[in-house]
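Trainee: This is the structure alone, sequence omitted:
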Ligand SMILES: [Zn+2]
C-alpha cells in the first residue's frame, strides 16, 4: 500500500527530528495532484506511530491547490475540471504546484510546560 510507505517515512522523519519529546502536531502539505489519500494517511498514521514520539499527534493536512501554466499564452491558472486555460482555452499546461507532499512543520511538547504540570 502506497500510503503505508509514505506514512512510515513521515513518522521516521518526525521522530528523528524529535527523538525525546512527544510530538503534538504534524503539519503536512498535500498537493491536489499528489494522489495521496488523506483518509488513508490518517489510518496508517495511527498504526505506524504507535509507541513512538509521534503517537497521539494531531495531523494537520493542508491541501495545496494545483496551479498550471498554459503552454500557449503562459497564463498561470488554478486547475479546473477541463484542464483548460481560462484565457485561450488551450488544454493542459505545465504543473507548477499541486504534486507536492511533505512535512511542513512539527510541534513538540514544551519541556517547561511539562515541568509546570509535573
Ligand atoms: Zn492560455
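Mentor: Thanks, I have the structure now. No experiment lies behind these values; they were computed from the predicted model shown. Numbers count the residues shown, from 1 in each chain.
Trainee: if I pick the nearest residue to residue 23 once chain neighbours are set aside, what's in contact with it?
Mentor: Among residues not flanking residue 23 along the chain, residue 57 sits closest, at 4.4 Å (CB to CB, 6 or more residues apart in numbering). Every C-beta, even on glycine, is put in place using the N, C-alpha and C of the backbone. If you count contacts by CB atoms under 8 Å, 6 or more residues apart in numbering, residue 57 has them with 14, 22, 23, 24, 25, 26, 49, 106.
Trainee: helix, strand or coil for the fifth one?
Mentor: Read it as residue 25. Assigned by DSSP: H, G, I helix; E, B strand; the rest coil, the conformation of residue 25 is strand.
Trainee: Flag every buried residue along the longest helix anywhere in the chain.
Mentor: Using DSSP state H to define each element, the chain has its longest helix at helix 2-17. Buried residues in helix 2-17, counting neighbours by 16 or more other CB atoms under 10 Å, are found at 3, 6, 7, 10, 11, 14, 15, 17.
Trainee: What of stretch 67-76?
Mentor: 67, 68, 70.
Trainee: So which of the residues you listed reach the ion?
Mentor: residue 70 (CB under 5 Å from the ion).
Trainee: So which of the buried residues of stretch 67-76 belong to strands?
Mentor: 67, 68 (DSSP state E).
Trainee: Make CSV from the buried residues of stretch 67-76 and add pLDDT to it.
Mentor: Shown next, in CSV, are those (pLDDT from 0 to 100):
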residue, pLDDT
67, 97
68, 97
70, 97
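Trainee: Check the buried residues of stretch 67-76 against residue 77 and report the nearest one.
Mentor: Set against residue 77, the nearest of the buried residues of stretch 67-76 by CB to CB is residue 68 (5.8 Å).
Trainee: I figured the closest one was touching residue 96, is that so?
Mentor: Yes: contact status for residue 68 versus residue 96: in contact at 6.6 Å, counting by CB atoms under 8 Å.
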